[in-house]
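> kindly generate the corresponding structure for this input.
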Amino acid sequence: MGYVYADISIKNPKNNKIKPISIKALVDTGEMTLCIPEHISLQLGLEPIEKREVITADGKSQVVPYVGPVQINFENRTCFTGALVLGDSVLMGAVPMEDMDLVINPSTQTVCVNPQSPNIPSALVK
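Numbers count the residues shown, from 1 in each chain. Predicted structure coming up:
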C-alpha cells in the first residue's frame, strides 16, 4: 500500500479568532499522535505544554515541543488532542484516527468514516 492522505482541518479551540487551517495530512497508523510543522503551530497560536523525546524514522533521537490543545475535523467527525512539533508536513497518527472512528480503505488508499457507524463515531470501551 502506498501513502494515504486525509483532508482535515486543524484549529486552536482556545482561540476562535484564529481561522482553522485546511490541509492534506499524511496518515500513518504506525505513529500514535498528530505531528505538525512549526509554522502551523505558530499560525494557530498553540501553546507549548511540555517537551517530548521522539525517535524519527532514521533512528535519531530529538526533543520536540508538544503543543495543544488542537481540534481536528474530518468530514462529520472531530477530536481534541495535542501535537508534536516537527517535520515539514502534517502527519495524523492512530490516536486521532481511533478517536474519530476513521478507517483506511486499502483498495482506494483513502481515509473514510467507519462504514459500520457512518453517522456518529463509535468506540469500544470495556
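> can you map out the strands along the chain?
Counting by DSSP state E, the chain has strands at residues 4-11, 21-27, 34-36, 47-55, 61-74, 77-85, 91-92, 102-105, 110-113.
> mean neighbour count added to the ones you listed, as a markdown table?
Placement of C-beta: from N, CA and C, glycine included. Output for the strands of the chain, formatted as a markdown table (neighbours: other Cβ atoms under 10 Å):
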| stretch | mean neighbour count |
| --- | --- |
| strand 4-11 | 19 |
| strand 21-27 | 17 |
| strand 34-36 | 24 |
| strand 47-55 | 11 |
| strand 61-74 | 17 |
| strand 77-85 | 19 |
| strand 91-92 | 24 |
| strand 102-105 | 16 |
| strand 110-113 | 17 |
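> tell me how far stretch 22-33 lies from the chain's centre.
5 Å (Cα atoms, centre = their mean, to the nearest Å).
> for stretch 51-68, that is, sorry about that
With Cα atoms, centre = their mean as the basis, stretch 51-68 stands 16 Å off its chain's centre.
> next, the distance between the ends of it.
12 Å (Cα to Cα, to the nearest Å).
> again with stretch 28-46
Using Cα to Cα, the two ends of stretch 28-46 sit 23 Å apart.
> need the residues that contact it.
10-12, 15, 18, 21, 23, 65, 67-68, 70, 72, 81-97, 104 (Cβ atoms under 8 Å, 6 or more residues apart in numbering).
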